[in-house]
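Kindly generate the corresponding structure for this input.
(one chain, ligands or ions: 1)
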Amino acid sequence: MVSALRLHNTLGRRMTDLAPLEPGHVRMYTCGPTVYNVVHIGNLRTFLFEDVLRRHLLAKGFRVTQIMNLTDVDDKTIRGAKEEGLSLPEFTAKYVESFFRDIRRLNLEAAERYPKATEHVADMIALIETLQKRGHTYASDGSVWFRISTFPGYGKLSQIDLTQTRRGERVAEDEYEKEDVKDFALWKRGKPGEPVWPSPFGDGRPGWHIECSAMSMKYLGRHFDIHTGAVDNIFPHHDNEIAQSEAATGEPFVEIWLHAEHLVVDGEKMSKSKGNFFTLDDVLARRDDAAAVRYLFLSVPYRRKLNFTWDALSGAAAAVDRIRSAAARIEEVAASGVEKPGAFGAGERGSGFLGEFFAAMDDDLNTSEALGALFPFLRDVNTAIDEGSLDAAGARTALDAIRSADRVLGVLPSAPEALPAEIEGQIEARNAARGRRDWAEADRIRAALAARGILLEDGPSGTRWKKA
Ligand SMILES: [Zn+2]
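Below is the predicted model of the structure:
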């Protein structure tokens, strides 16, 4: 039996066993980037936590549908486009591209879909109309507001004390008229020179919060399993999503809410004025090692603050080197074809290691403890190689265990795609070896290909190969 994955649910602040609403299928929504600038490493820390969650769910055998939105219309994107004299799509396209480039470099697996807000305005309008019909909105000066007093559970995620802000208080940065300071815009009246969409409420654009409610429910249904983001999304963004969605459907919106803590630099909040604000390009310009960045993020569980320092990054790079060189060394033994029955018990030791590794992951994705299980295993295998007690079969078993863990960690170089021409060349070399009765060399070539996932089959019409 597969053990349960326990996750810390921000809703209720308690540990929750994941039990997908549709058995075997986890549906999750992750708040994506607002594409008005290049994301910073703090954003990437959150996206990486979501990738680790996704990979762990897949490793546990779940089917996963992950939706991550791209916010390509809001105050910031409109302001940025105006400043650069570009159309909104021209302006945001640059940052959509840099976002995908960054997540690829950090070896994040692709989500099932990345819906853009501008392509779902009709869905947002329909959701606002539903809220209107159910009496949760009011119009004011061409904008539509959500009246939070109509949703009794408002603030249940953040557990915010609503008495702290008084009714009718003015919000300095917001020039719109609203009845309560916590009421939020579902639809914003268009201003001259801004991109607008026609709607029954007048020309305008959707508020940020409604984007996520509309797109998550469109692709995942009205009630789904997991919603993630960074801690600063909890209030007001996620409380507003809950209010909009549950007020519209009358059903619970999300089972489990997960939030990643902030990343700080040298113990301080990142800020451009302090000069400690980094994008991935900034970091890689100083140390060109994306796997080290990935490892550094993995080394701290997602609910703890991550302190980014250059020393910590060096340490992470050294750890990645240790993993990679151990794996390469084991691969050599696997390819050697040397079989010595009764040698190092790789099977038992490997399954013991994987048991610890996945138990740590099941404990609210405790990546630091999972990594803590990996190094003693690598050390034992290394010792076995030194002592000559690891044979090829044992090495293959050990490699399988390391690769299973790396399915979640994602720090090993992906196995180089063997080119068909190169494989044919190896098959020819092996045939030549067999022709001169050099069985050891023929076996070595077969094992080397097997270690790369290429299986050879000798038949009457010659040798064929296939992927394992
Ligand atoms: Zn969102």
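
quick one: residue 163 from residue 156, how far?
15 Å (CB to CB, to the nearest Å). Glycine gets a C-beta too; all of them are placed from N, C-alpha and C.

Next: residue 351.
Taken as CB to CB, the span from residue 351 to residue 156 is 43 Å.

Also residue 235?
Residue 235 is 11 Å from residue 156, by CB to CB.

Check residue 437 too.
Going from residue 437 to residue 156 by CB to CB gives 76 Å.

who in the stretch 51-200 of the chain is up against the ion?
Contact residues, the stretch 51-200 of the chain versus the ion (CB under 5 Å from the ion): none.

can you give me the helices for the stretch 51-200 of the chain?
Secondary structure of the stretch 51-200 of the chain by DSSP state H, counting those that start in this stretch: the helices cover 75-84, 88-105, 121-133.

now the ones you listed in a markdown table, with mean neighbour count and distance to residue 6?
Below are these laid out as a markdown table (neighbours: other CB atoms under 10 Å; distance: least, CB to CB, whole Å):
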| stretch | mean neighbour count | distance to residue 6 |
| --- | --- | --- |
| helix 75-84 | 16 | 36 |
| helix 88-105 | 17 | 27 |
| helix 121-133 | 19 | 33 |
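
would you turn those helices into CSV with distance to residue 382 and mean pLDDT?
Formatted as CSV, those follow (distance: least, CB to CB, whole Å; pLDDT from 0 to 100):
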stretch, distance to residue 382, mean pLDDT
helix 75-84, 50, 94
helix 88-105, 29, 95
helix 121-133, 55, 98
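
Now tabulate those helices in JSON lines and tack on distance to residue 403.
Listed next are those as JSON lines, based on distance: least, CB to CB, whole Å:
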{"stretch": "helix 75-84", "distance to residue 403": "41"}
{"stretch": "helix 88-105", "distance to residue 403": "21"}
{"stretch": "helix 121-133", "distance to residue 403": "41"}
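
For residue 446, which of those helices is the nearest?
Relative to residue 446, the nearest member of those by CB to CB is helix 88-105, separated by 34.2 Å.

Return the list of helices and strands in contact with the closest one.
Contact partners of helix 88-105 among helices and strands, from 3 or more CB pairs under 8 Å, 6 or more residues apart in numbering; DSSP states H and E: helix 41-59, helix 75-84, helix 280-286.

Output it as PDB - backbone C-alpha positions only.
What follows is helix 88-105, C-alpha atoms only, in PDB (Å, rounded to 0.1, in the frame of the first residue of the first chain):
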ATOM      1  CA  LEU A  88       0.000  45.000 -24.100                       C
ATOM      2  CA  PRO A  89       0.600  41.700 -26.000                       C
ATOM      3  CA  GLU A  90       4.000  42.900 -27.300                       C
ATOM      4  CA  PHE A  91       5.000  44.000 -23.800                       C
ATOM      5  CA  THR A  92       3.900  40.800 -22.000                       C
ATOM      6  CA  ALA A  93       5.300  38.400 -24.700                       C
ATOM      7  CA  LYS A  94       8.900  39.300 -23.700                       C
ATOM      8  CA  TYR A  95       8.200  38.300 -20.100                       C
ATOM      9  CA  VAL A  96       6.200  35.200 -20.900                       C
ATOM     10  CA  GLU A  97       9.300  34.000 -22.900                       C
ATOM     11  CA  SER A  98      11.700  34.800 -20.100                       C
ATOM     12  CA  PHE A  99       9.500  33.000 -17.600                       C
ATOM     13  CA  PHE A 100       9.500  29.800 -19.600                       C
ATOM     14  CA  ARG A 101      13.200  30.100 -20.200                       C
ATOM     15  CA  ASP A 102      13.900  30.400 -16.400                       C
ATOM     16  CA  ILE A 103      11.700  27.400 -15.400                       C
ATOM     17  CA  ARG A 104      13.300  25.300 -18.100                       C
ATOM     18  CA  ARG A 105      16.700  26.100 -16.900                       C
END
